[in-house]
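Novice: Sequence first, predicted model second:
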Amino acid sequence: MKSALITGITGQDGSFLAEFLLEKGYDVHGTIRRSSVDFRERIAHLEGHSRFHLHYADLGDSMSLIQVIGKIRPDEIYNLAAQSHVQVSFDAPEFTADVDATGVLRILEAVRQCGLAKTCRIYQASTSELYGKVEQVPQSEKTPFHPYSPYAVAKLYGYWIIKEYREAYNMFCCSGILFNHESERRGETFVTRKITLAAARIKQGKQDKLYLGNLSSLRDWGYAKDYVECMWLILQNEKPEDFVIATGEQHSVREFCQLAFHNVGIELEFKGEGANEKGIDKATGKVLVEVSSDFYRPTDVVNLLGDPSKAKRELGWNPTKTSFEQLVKIMVDADMAKVAAERESERVKTNLAAYLEKGIVK
Ligand code: NAP
Ligand code: F7E
(Lines give C-alpha, C1' and ligand atoms only; values in the text may rest on other atoms or scores of the structure.)
(Ligands and ions follow the chains in the order given, each with its own letter.)
Protein backbone atom coordinates (compact mmCIF):
# COMPACT_ATOMS: atom_id res chain seq x y z
CA MET A 1 0.00 0.00 0.00
CA LYS A 2 1.38 3.42 -0.97
CA SER A 3 1.31 6.25 1.56
CA ALA A 4 0.80 9.92 0.81
CA LEU A 5 1.13 13.03 2.94
CA ILE A 6 -1.07 16.00 2.02
CA THR A 7 -0.22 19.36 3.55
CA GLY A 8 -3.28 21.63 3.42
CA ILE A 9 -5.71 18.70 3.63
CA THR A 10 -8.41 20.93 5.16
CA GLY A 11 -8.47 23.13 2.04
CA GLN A 12 -10.52 22.80 -1.13
CA ASP A 13 -7.93 20.79 -3.08
CA GLY A 14 -6.67 18.82 -0.08
CA SER A 15 -10.13 17.46 0.65
CA PHE A 16 -10.73 16.35 -2.96
CA LEU A 17 -7.23 14.87 -3.24
CA ALA A 18 -7.69 12.92 0.01
CA GLU A 19 -10.89 11.36 -1.37
CA PHE A 20 -9.17 10.59 -4.69
CA LEU A 21 -6.15 8.89 -3.04
CA LEU A 22 -8.30 6.90 -0.61
CA GLU A 23 -10.21 5.57 -3.62
CA LYS A 24 -6.87 4.58 -5.19
CA GLY A 25 -6.10 2.52 -2.05
CA TYR A 26 -3.51 4.88 -0.51
CA ASP A 27 -2.84 5.30 3.17
CA VAL A 28 -3.62 9.03 3.39
CA HIS A 29 -2.01 11.35 5.94
CA GLY A 30 -2.78 15.03 6.27
CA THR A 31 -1.41 17.95 8.27
CA ILE A 32 -3.73 20.16 10.27
CA ARG A 33 -3.17 23.28 12.35
CA ARG A 34 -4.48 24.08 15.78
CA SER A 35 -7.35 26.54 15.53
CA SER A 36 -9.72 28.00 18.11
CA VAL A 37 -12.63 27.12 15.83
CA ASP A 38 -13.20 23.92 13.86
CA PHE A 39 -12.28 24.38 10.20
CA ARG A 40 -12.37 20.68 9.32
CA GLU A 41 -15.77 20.61 7.63
CA ARG A 42 -14.35 19.69 4.20
CA ILE A 43 -12.81 16.48 5.59
CA ALA A 44 -15.27 15.65 8.39
CA HIS A 45 -16.77 12.84 6.28
CA LEU A 46 -13.34 11.15 6.01
CA GLU A 47 -12.48 11.12 9.69
CA GLY A 48 -12.87 7.59 11.04
CA HIS A 49 -11.75 5.97 7.74
CA SER A 50 -9.15 3.31 8.61
CA ARG A 51 -6.63 4.66 6.05
CA PHE A 52 -7.11 8.34 6.89
CA HIS A 53 -4.81 9.96 9.47
CA LEU A 54 -4.29 13.55 10.66
CA HIS A 55 -1.17 15.08 12.22
CA TYR A 56 -0.42 18.52 13.62
CA ALA A 57 2.20 20.39 11.59
CA ASP A 58 2.73 23.89 10.25
CA LEU A 59 4.68 24.99 7.19
CA GLY A 60 6.29 27.65 9.36
CA ASP A 61 7.66 25.02 11.76
CA SER A 62 10.49 22.81 10.42
CA MET A 63 10.52 20.59 13.47
CA SER A 64 6.88 19.65 13.10
CA LEU A 65 7.48 18.81 9.43
CA ILE A 66 10.55 16.68 10.16
CA GLN A 67 8.66 14.85 12.87
CA VAL A 68 5.64 14.04 10.69
CA ILE A 69 7.62 13.16 7.56
CA GLY A 70 10.09 11.05 9.59
CA LYS A 71 7.24 9.16 11.25
CA ILE A 72 5.17 8.46 8.12
CA ARG A 73 8.04 8.10 5.61
CA PRO A 74 5.56 8.77 2.78
CA ASP A 75 6.00 7.61 -0.82
CA GLU A 76 4.42 10.86 -2.04
CA ILE A 77 4.01 14.35 -0.59
CA TYR A 78 1.48 16.80 -2.00
CA ASN A 79 2.40 20.26 -0.72
CA LEU A 80 -0.91 22.10 -0.99
CA ALA A 81 -0.62 24.17 2.19
CA ALA A 82 -0.43 27.90 1.58
CA GLN A 83 -1.77 31.31 2.42
CA SER A 84 -3.67 31.09 -0.84
CA HIS A 85 -5.58 34.37 -1.06
CA VAL A 86 -3.94 36.87 -3.42
CA GLN A 87 -5.58 39.99 -1.97
CA VAL A 88 -4.72 38.91 1.61
CA SER A 89 -1.07 38.55 0.55
CA PHE A 90 -0.91 42.36 0.20
CA ASP A 91 -2.00 42.67 3.86
CA ALA A 92 0.18 39.83 5.20
CA PRO A 93 3.17 39.67 2.81
CA GLU A 94 5.74 38.39 5.31
CA PHE A 95 3.52 35.54 6.54
CA THR A 96 2.70 34.68 2.93
CA ALA A 97 6.41 34.53 2.07
CA ASP A 98 7.19 32.39 5.12
CA VAL A 99 4.52 29.79 4.32
CA ASP A 100 4.36 29.88 0.50
CA ALA A 101 8.09 30.31 -0.20
CA THR A 102 10.21 29.16 2.77
CA GLY A 103 7.60 26.52 3.63
CA VAL A 104 8.43 24.69 0.40
CA LEU A 105 12.12 24.69 1.30
CA ARG A 106 11.26 23.31 4.75
CA ILE A 107 9.42 20.37 3.17
CA LEU A 108 12.31 19.63 0.81
CA GLU A 109 14.89 19.77 3.60
CA ALA A 110 12.72 17.63 5.90
CA VAL A 111 12.58 14.98 3.17
CA ARG A 112 16.37 15.09 2.80
CA GLN A 113 17.05 15.02 6.52
CA CYS A 114 14.75 12.02 6.95
CA GLY A 115 16.77 10.15 4.31
CA LEU A 116 13.88 10.04 1.83
CA ALA A 117 15.40 12.05 -1.04
CA LYS A 118 15.65 8.98 -3.28
CA THR A 119 12.24 7.46 -2.54
CA CYS A 120 9.75 10.23 -1.82
CA ARG A 121 8.07 12.04 -4.74
CA ILE A 122 6.95 15.63 -4.10
CA TYR A 123 4.19 17.63 -5.78
CA GLN A 124 4.28 21.40 -5.36
CA ALA A 125 1.11 23.48 -5.80
CA SER A 126 2.41 26.13 -8.20
CA THR A 127 0.05 28.61 -9.80
CA SER A 128 -0.94 30.55 -12.90
CA GLU A 129 -0.36 33.67 -10.76
CA LEU A 130 3.33 33.19 -11.66
CA TYR A 131 2.48 34.58 -15.14
CA GLY A 132 0.95 37.63 -13.43
CA LYS A 133 1.36 40.65 -15.67
CA VAL A 134 1.24 38.29 -18.60
CA GLU A 135 3.88 38.39 -21.28
CA GLN A 136 2.01 36.07 -23.65
CA VAL A 137 -1.52 34.63 -24.10
CA PRO A 138 -2.19 31.71 -23.76
CA GLN A 139 0.36 30.70 -21.12
CA SER A 140 2.29 27.42 -21.34
CA GLU A 141 5.25 25.81 -19.54
CA LYS A 142 7.51 27.98 -21.76
CA THR A 143 5.88 31.36 -21.00
CA PRO A 144 8.10 33.71 -18.95
CA PHE A 145 6.93 34.46 -15.40
CA HIS A 146 6.06 37.95 -14.22
CA PRO A 147 4.60 37.62 -10.69
CA TYR A 148 2.29 40.49 -9.74
CA SER A 149 1.48 40.09 -6.02
CA PRO A 150 3.32 39.11 -2.82
CA TYR A 151 1.53 35.72 -3.15
CA ALA A 152 2.89 35.18 -6.65
CA VAL A 153 6.42 36.27 -5.71
CA ALA A 154 6.40 33.77 -2.81
CA LYS A 155 5.08 31.01 -5.09
CA LEU A 156 7.82 31.83 -7.59
CA TYR A 157 10.42 30.94 -4.96
CA GLY A 158 8.52 27.69 -4.33
CA TYR A 159 8.62 26.90 -8.04
CA TRP A 160 12.36 27.54 -8.38
CA ILE A 161 13.42 25.76 -5.19
CA ILE A 162 11.55 22.65 -6.37
CA LYS A 163 13.42 22.84 -9.69
CA GLU A 164 16.70 23.42 -7.87
CA TYR A 165 16.33 20.34 -5.61
CA ARG A 166 15.34 18.28 -8.65
CA GLU A 167 18.57 19.27 -10.42
CA ALA A 168 20.93 19.48 -7.45
CA TYR A 169 19.90 16.32 -5.59
CA ASN A 170 18.14 14.37 -8.32
CA MET A 171 14.92 14.40 -6.31
CA PHE A 172 11.56 13.56 -7.91
CA CYS A 173 9.88 16.90 -7.25
CA CYS A 174 7.53 18.68 -9.64
CA SER A 175 5.29 21.70 -9.95
CA GLY A 176 1.76 21.65 -11.23
CA ILE A 177 1.15 25.15 -12.59
CA LEU A 178 -2.57 25.12 -11.93
CA PHE A 179 -4.92 27.76 -13.27
CA ASN A 180 -7.92 28.76 -11.13
CA HIS A 181 -10.02 25.80 -10.12
CA GLU A 182 -13.24 26.10 -8.24
CA SER A 183 -15.93 23.95 -6.68
CA GLU A 184 -18.75 23.84 -4.18
CA ARG A 185 -15.96 23.61 -1.54
CA ARG A 186 -14.17 26.80 -2.68
CA GLY A 187 -13.43 29.33 0.07
CA GLU A 188 -16.23 31.89 0.28
CA THR A 189 -14.00 34.92 -0.35
CA PHE A 190 -12.74 33.79 -3.77
CA VAL A 191 -14.71 35.51 -6.49
CA THR A 192 -16.56 32.49 -7.94
CA ARG A 193 -17.86 31.21 -4.62
CA LYS A 194 -18.65 34.73 -3.45
CA ILE A 195 -20.83 35.08 -6.56
CA THR A 196 -22.61 31.69 -6.38
CA LEU A 197 -23.35 32.14 -2.68
CA ALA A 198 -24.66 35.67 -3.27
CA ALA A 199 -26.84 34.53 -6.20
CA ALA A 200 -28.39 31.86 -3.95
CA ARG A 201 -28.89 34.30 -1.05
CA ILE A 202 -30.36 37.04 -3.25
CA LYS A 203 -32.73 34.54 -4.88
CA GLN A 204 -33.89 33.33 -1.45
CA GLY A 205 -34.27 36.83 0.00
CA LYS A 206 -31.29 36.62 2.38
CA GLN A 207 -29.10 39.30 0.71
CA ASP A 208 -29.86 42.50 -1.22
CA LYS A 209 -26.73 43.17 -3.23
CA LEU A 210 -23.37 41.75 -4.22
CA TYR A 211 -20.28 44.01 -4.18
CA LEU A 212 -17.36 43.01 -6.41
CA GLY A 213 -14.04 44.49 -7.60
CA ASN A 214 -12.67 44.17 -11.13
CA LEU A 215 -15.49 42.71 -13.28
CA SER A 216 -13.38 42.59 -16.44
CA SER A 217 -10.70 40.30 -15.03
CA LEU A 218 -10.30 37.18 -17.21
CA ARG A 219 -9.70 33.71 -15.82
CA ASP A 220 -9.38 30.12 -17.03
CA TRP A 221 -11.67 28.39 -14.52
CA GLY A 222 -11.75 24.58 -14.12
CA TYR A 223 -13.32 22.14 -11.68
CA ALA A 224 -11.12 21.30 -8.65
CA LYS A 225 -12.25 17.67 -8.56
CA ASP A 226 -10.85 17.17 -12.10
CA TYR A 227 -7.61 18.96 -11.23
CA VAL A 228 -6.58 16.78 -8.27
CA GLU A 229 -6.36 13.80 -10.63
CA CYS A 230 -3.65 15.70 -12.48
CA MET A 231 -1.62 16.24 -9.31
CA TRP A 232 -1.51 12.46 -8.93
CA LEU A 233 -0.73 11.87 -12.62
CA ILE A 234 2.23 14.28 -12.39
CA LEU A 235 3.76 12.12 -9.63
CA GLN A 236 3.09 8.86 -11.54
CA ASN A 237 4.95 10.16 -14.60
CA GLU A 238 8.25 8.50 -15.55
CA LYS A 239 10.26 11.72 -15.27
CA PRO A 240 9.86 14.58 -12.79
CA GLU A 241 8.54 17.49 -14.85
CA ASP A 242 6.36 20.59 -14.48
CA PHE A 243 2.93 20.85 -16.13
CA VAL A 244 0.40 23.57 -16.89
CA ILE A 245 -3.08 22.44 -15.82
CA ALA A 246 -5.89 24.51 -17.31
CA THR A 247 -9.01 24.19 -19.47
CA GLY A 248 -7.89 26.43 -22.37
CA GLU A 249 -11.09 28.49 -22.07
CA GLN A 250 -11.39 32.01 -20.72
CA HIS A 251 -14.26 34.00 -19.13
CA SER A 252 -14.61 37.32 -17.31
CA VAL A 253 -15.83 37.81 -13.74
CA ARG A 254 -18.84 39.59 -15.32
CA GLU A 255 -19.68 36.49 -17.44
CA PHE A 256 -19.34 34.21 -14.40
CA CYS A 257 -21.75 36.47 -12.57
CA GLN A 258 -24.32 36.48 -15.39
CA LEU A 259 -24.25 32.68 -15.69
CA ALA A 260 -24.51 32.14 -11.91
CA PHE A 261 -27.55 34.44 -11.66
CA HIS A 262 -29.05 32.83 -14.78
CA ASN A 263 -28.86 29.49 -12.93
CA VAL A 264 -31.11 30.86 -10.17
CA GLY A 265 -33.52 32.35 -12.71
CA ILE A 266 -32.29 35.96 -12.67
CA GLU A 267 -31.13 37.55 -15.95
CA LEU A 268 -28.51 40.22 -15.26
CA GLU A 269 -27.70 43.11 -17.56
CA PHE A 270 -24.50 45.09 -16.93
CA LYS A 271 -24.60 48.86 -17.51
CA GLY A 272 -22.03 51.59 -16.93
CA GLU A 273 -18.27 51.45 -16.76
CA GLY A 274 -15.46 50.93 -14.23
CA ALA A 275 -16.46 51.76 -10.66
CA ASN A 276 -19.93 52.84 -11.90
CA GLU A 277 -20.80 49.56 -13.59
CA LYS A 278 -23.90 47.85 -12.21
CA GLY A 279 -25.57 44.47 -12.68
CA ILE A 280 -29.31 45.01 -13.08
CA ASP A 281 -32.11 42.43 -12.85
CA LYS A 282 -33.73 42.70 -16.31
CA ALA A 283 -37.15 41.66 -14.94
CA THR A 284 -37.37 44.10 -12.02
CA GLY A 285 -34.82 46.82 -12.85
CA LYS A 286 -33.28 46.30 -9.37
CA VAL A 287 -29.51 46.79 -9.01
CA LEU A 288 -28.13 43.50 -7.69
CA VAL A 289 -24.40 43.90 -8.38
CA GLU A 290 -22.23 46.94 -7.68
CA VAL A 291 -18.52 47.65 -7.83
CA SER A 292 -16.64 48.44 -4.62
CA SER A 293 -13.04 49.64 -4.63
CA ASP A 294 -12.52 47.60 -1.42
CA PHE A 295 -12.01 44.60 -3.72
CA TYR A 296 -9.49 46.27 -6.03
CA ARG A 297 -5.90 45.04 -5.66
CA PRO A 298 -2.77 47.24 -5.79
CA THR A 299 -1.75 45.14 -8.81
CA ASP A 300 -4.24 42.79 -10.45
CA VAL A 301 -3.71 39.86 -12.79
CA VAL A 302 -6.28 40.28 -15.56
CA ASN A 303 -5.62 37.96 -18.49
CA LEU A 304 -5.06 34.31 -17.61
CA LEU A 305 -5.59 31.59 -20.20
CA GLY A 306 -3.72 28.29 -19.96
CA ASP A 307 -2.48 25.97 -22.67
CA PRO A 308 -2.86 22.42 -21.29
CA SER A 309 -1.44 20.67 -24.41
CA LYS A 310 1.50 19.09 -22.55
CA ALA A 311 -0.73 17.59 -19.81
CA LYS A 312 -3.13 16.29 -22.46
CA ARG A 313 -0.35 14.77 -24.53
CA GLU A 314 1.95 13.37 -21.85
CA LEU A 315 -0.41 12.59 -18.96
CA GLY A 316 -3.50 11.72 -21.00
CA TRP A 317 -5.48 14.23 -18.94
CA ASN A 318 -8.82 15.55 -20.17
CA PRO A 319 -9.02 19.29 -19.34
CA THR A 320 -12.70 19.70 -20.19
CA LYS A 321 -14.23 16.77 -18.32
CA THR A 322 -16.42 19.33 -16.53
CA SER A 323 -17.42 22.29 -18.71
CA PHE A 324 -17.53 25.90 -17.51
CA GLU A 325 -21.35 25.79 -17.65
CA GLN A 326 -21.43 22.57 -15.59
CA LEU A 327 -18.99 24.03 -13.04
CA VAL A 328 -21.14 27.12 -12.46
CA LYS A 329 -24.25 24.94 -12.17
CA ILE A 330 -22.62 22.58 -9.65
CA MET A 331 -21.60 25.55 -7.49
CA VAL A 332 -24.94 27.36 -7.73
CA ASP A 333 -26.98 24.21 -7.02
CA ALA A 334 -24.86 23.46 -3.93
CA ASP A 335 -25.24 27.03 -2.63
CA MET A 336 -29.00 27.07 -3.31
CA ALA A 337 -29.28 23.90 -1.18
CA LYS A 338 -26.99 25.34 1.54
CA VAL A 339 -28.97 28.58 1.82
CA ALA A 340 -32.29 26.68 1.82
CA ALA A 341 -31.03 24.43 4.64
CA GLU A 342 -29.92 27.48 6.66
CA ARG A 343 -33.36 29.07 6.16
CA GLU A 344 -35.07 25.86 7.23
CA SER A 345 -32.99 25.62 10.41
CA GLU A 346 -33.76 29.32 11.17
CA ARG A 347 -37.48 28.59 10.63
CA VAL A 348 -37.36 25.64 13.03
CA LYS A 349 -35.57 27.78 15.65
CA THR A 350 -38.12 30.60 15.25
CA ASN A 351 -41.02 28.16 15.55
CA LEU A 352 -39.48 26.57 18.60
CA ALA A 353 -39.02 29.99 20.25
CA ALA A 354 -42.68 30.81 19.55
CA TYR A 355 -43.88 27.44 20.88
CA LEU A 356 -41.78 27.92 24.05
CA GLU A 357 -43.22 31.41 24.52
CA LYS A 358 -46.78 30.13 24.15
CA GLY A 359 -46.07 27.16 26.43
CA ILE A 360 -46.83 24.68 23.63
CA VAL A 361 -43.39 23.14 24.09
CA LYS A 362 -42.20 22.68 27.68
P1 NAP B 1 -7.17 26.65 0.40
O2 NAP B 1 -8.57 26.12 0.29
O3 NAP B 1 -6.98 28.05 0.83
O4 NAP B 1 -6.38 25.68 1.40
C5 NAP B 1 -5.11 26.03 1.88
C6 NAP B 1 -4.67 24.98 2.89
O7 NAP B 1 -3.39 25.36 3.40
C8 NAP B 1 -5.60 24.84 4.10
O9 NAP B 1 -5.68 23.48 4.47
C10 NAP B 1 -4.84 25.62 5.19
O11 NAP B 1 -5.10 25.18 6.50
C12 NAP B 1 -3.40 25.25 4.82
N13 NAP B 1 -2.42 26.17 5.41
C14 NAP B 1 -2.37 27.51 5.34
N15 NAP B 1 -1.30 27.98 6.01
C16 NAP B 1 -0.67 26.90 6.53
C17 NAP B 1 0.48 26.72 7.34
N18 NAP B 1 1.22 27.75 7.78
N19 NAP B 1 0.86 25.46 7.68
C20 NAP B 1 0.11 24.40 7.27
N21 NAP B 1 -1.00 24.51 6.54
C22 NAP B 1 -1.38 25.74 6.16
O23 NAP B 1 -6.41 26.48 -0.98
P24 NAP B 1 -6.76 25.56 -2.25
O25 NAP B 1 -7.62 26.34 -3.17
O26 NAP B 1 -7.15 24.22 -1.80
O27 NAP B 1 -5.33 25.50 -2.96
C28 NAP B 1 -4.38 24.49 -2.63
C29 NAP B 1 -3.00 24.93 -3.05
O30 NAP B 1 -2.97 25.17 -4.45
C31 NAP B 1 -2.50 26.21 -2.42
O32 NAP B 1 -1.12 26.09 -2.24
C33 NAP B 1 -2.80 27.28 -3.45
O34 NAP B 1 -1.92 28.36 -3.28
C35 NAP B 1 -2.54 26.50 -4.72
N36 NAP B 1 -3.30 26.90 -5.90
C37 NAP B 1 -4.66 27.01 -5.85
C38 NAP B 1 -5.35 27.30 -7.01
C39 NAP B 1 -6.86 27.38 -7.02
O40 NAP B 1 -7.41 27.93 -7.99
N41 NAP B 1 -7.55 26.83 -6.04
C42 NAP B 1 -4.66 27.48 -8.22
C43 NAP B 1 -3.27 27.35 -8.23
C44 NAP B 1 -2.60 27.04 -7.07
P45 NAP B 1 -6.27 25.84 7.42
O46 NAP B 1 -7.55 25.17 6.99
O47 NAP B 1 -5.83 25.49 8.78
O48 NAP B 1 -6.25 27.31 7.13
O1 F7E C 1 -9.86 36.49 -7.94
C2 F7E C 1 -11.27 39.55 -9.33
C3 F7E C 1 -9.88 39.63 -8.74
O4 F7E C 1 -9.63 35.85 -5.54
C5 F7E C 1 -10.04 36.29 -9.33
C6 F7E C 1 -6.29 31.52 -5.74
O7 F7E C 1 -6.79 30.22 -5.62
O8 F7E C 1 -6.37 31.44 -8.12
C9 F7E C 1 -6.84 32.15 -7.00
O10 F7E C 1 -6.40 33.51 -7.04
C11 F7E C 1 -10.18 37.62 -10.02
C12 F7E C 1 -9.14 38.66 -9.64
O13 F7E C 1 -8.70 34.34 -7.38
C14 F7E C 1 -13.60 40.26 -6.65
O15 F7E C 1 -9.38 40.97 -8.79
C16 F7E C 1 -13.31 40.88 -8.71
O17 F7E C 1 -8.69 39.34 -10.78
O18 F7E C 1 -11.11 34.47 -7.04
P19 F7E C 1 -9.89 35.27 -6.89
P20 F7E C 1 -7.20 34.65 -7.81
O21 F7E C 1 -6.72 35.93 -7.30
O22 F7E C 1 -7.13 34.44 -9.28
C23 F7E C 1 -4.94 31.40 -8.29
C24 F7E C 1 -4.62 30.56 -9.49
C25 F7E C 1 -4.24 30.98 -7.05
O26 F7E C 1 -3.15 30.41 -7.11
C27 F7E C 1 -4.76 31.50 -5.76
O28 F7E C 1 -4.33 30.66 -4.68
O29 F7E C 1 -11.44 38.18 -9.64
N30 F7E C 1 -12.33 39.98 -8.42
N31 F7E C 1 -14.08 41.08 -7.64
C32 F7E C 1 -12.50 39.56 -7.15
N33 F7E C 1 -11.82 38.67 -6.41
C34 F7E C 1 -12.25 38.43 -5.14
N35 F7E C 1 -11.62 37.51 -4.38
N36 F7E C 1 -13.32 39.12 -4.62
C37 F7E C 1 -14.03 40.04 -5.32
O38 F7E C 1 -14.98 40.64 -4.82
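Specialist: Perfect, I can see it now. Ligands and ions are numbered 1, 2, ... in the order given.

Novice: How about the secondary structure of residue 269?
Specialist: Under DSSP: H, G, I helix; E, B strand; the rest coil, the three-state class of residue 269 is strand.

Novice: Name whatever forms a beta bridge with it.
Specialist: Residues in a beta bridge with residue 269, per DSSP bridges, are residue 280.

Novice: Model confidence for it, exactly?
Specialist: Listed pLDDT for residue 269 reads 98.

Novice: Kindly report the same for residue 362.
Specialist: Listed pLDDT for residue 362 reads 69.

Novice: Ligand 2 versus residue 244, what's the distance?
Specialist: 12 Å (C-beta to the nearest ligand atom, to the nearest Å). Glycine gets a C-beta too; all of them are placed from N, C-alpha and C.

Novice: and after whichever strand or helix holds that residue, which helix or strand comes next?
Specialist: In this structure, residue 244 is located in strand 243-245 according to DSSP states H and E. The helix or strand immediately downstream of strand 243-245 is strand 251-252, counting by DSSP H and E.

Novice: near ligand 2, anything from the following helix or strand past that following strand?
Specialist: Once the chain leaves strand 251-252, the next helix or strand it forms, by DSSP H and E, is helix 253-263. Yes: using C-beta under 6 Å from any ligand atom, helix 253-263 reaches ligand 2 at residue 253.

Novice: Are helix 253-263 and ligand 1 in contact anywhere?
Specialist: No: figure legend: helix 253-263 not in contact with ligand 1 (C-beta under 6 Å from any ligand atom); closest approach 13.5 Å.

Novice: Tell me which other helices or strands that helix touches.
Specialist: Counting contacts by 3 or more C-beta pairs under 8 Å, 6 or more residues apart in numbering; DSSP states H and E, helix 253-263 packs against helix 191-203, strand 210-212, strand 268-271, strand 278-281, helix 324-358.

Novice: hang on, the earlier thing: the strand holding residue 244 - which strands sit beside it in the sheet, and in what orientation?
Specialist: For strand 243-245, pairing defined by DSSP bridges yields strand 173-178 (parallel).

Novice: Just the residues contacting the strand it pairs with, thanks.
Specialist: Under the contact criterion C-beta atoms under 8 Å, 6 or more residues apart in numbering, strand 173-178 has outside partners 108, 121-128, 130, 141, 158-159, 162-163, 165-166, 227, 230-231, 234-235, 237, 240-246, 306.

Novice: what does stretch 196-214 give?
Specialist: By C-beta under 8 Å, 6+ apart, stretch 196-214 touches 188, 191, 194-195, 253, 257, 260-261, 263-266, 279, 287-297, 300, 302, 328, 331-332, 334-336, 338-340, 342-343.

Novice: Dump the helices and strands packed on helix 253-263 into JSON lines; add mean neighbour count and distance to ligand 1 as well.
Specialist: Below are the helices and strands packed on helix 253-263 laid out as JSON lines (neighbours: other C-beta atoms under 10 Å; distance: least, C-beta to the nearest ligand atom, whole Å):
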{"stretch": "helix 191-203", "mean neighbour count": "23", "distance to ligand 1": "9"}
{"stretch": "strand 210-212", "mean neighbour count": "18", "distance to ligand 1": "18"}
{"stretch": "strand 268-271", "mean neighbour count": "14", "distance to ligand 1": "24"}
{"stretch": "strand 278-281", "mean neighbour count": "18", "distance to ligand 1": "24"}
{"stretch": "helix 324-358", "mean neighbour count": "15", "distance to ligand 1": "12"}
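
Novice: Identify whichever of those lies nearest to residue 51.
Specialist: Closest of the helices and strands packed on helix 253-263 to residue 51 is helix 324-358, at 26.7 Å (criterion: C-beta to C-beta).

Novice: Run through the residues of the chain sitting next to ligand 2.
Specialist: Counting by C-beta under 6 Å from any ligand atom, the residues of the chain that sit close to ligand 2 are 84, 86-87, 127-129, 179-180, 189-191, 194, 212-214, 217, 219, 253, 295, 297, 300-301.

Novice: Quick check: strands, which of these are part of them?
Specialist: Of the residues of the chain next to ligand 2, the ones assigned to strands by DSSP state E are 127, 212, 219.

Novice: ok, now how distant is the first one from ligand 1?
Specialist: Looking back up the chat, that one is residue 127. 4 Å.

Novice: change the start of the numbering to 52 and stick with it
Specialist: Sure, I'll start counting at 52 from here, so that last one is residue 178.

Novice: and of the ones in strands among the residues of the chain next to ligand 2, the nearest to residue 166?
Specialist: For those, the nearest to residue 166 is residue 178 (30.3 Å; C-beta to C-beta).

Novice: pLDDT value on that closest one, please?
Specialist: pLDDT, read off for residue 178, is 98.

Novice: Tell me how many other residues crowd it.
Specialist: Close neighbours of residue 178, defined as other C-beta atoms under 10 Å, add up to 26.

Novice: which residue sits closest to it, ignoring its sequence neighbours?
Specialist: Nearest residue to residue 178, sequence neighbours excluded (C-beta to C-beta, 6 or more residues apart in numbering): residue 206, at 5.2 Å.

Novice: Next, see if the host helix or strand of that neighbour gets close to ligand 1.
Specialist: If you go by DSSP H and E, residue 206 is part of helix 201-220. No: Helix 201-220 stays clear of ligand 1 (C-beta under 6 Å from any ligand atom), getting no nearer than 6.7 Å.

Novice: how about the nearest residue to residue 368, chain neighbours excluded?
Specialist: residue 362 (4.6 Å).

Novice: I'd say that neighbour and residue 371 touch.
Specialist: No: using C-beta atoms under 8 Å as the test, residue 362 is too far from residue 371 to be in contact (11.9 Å).

Novice: Those two: who's more crowded?
Specialist: Higher neighbour count among residue 362 and residue 371: residue 362, with 23 against 15, using other C-beta under 10 Å.
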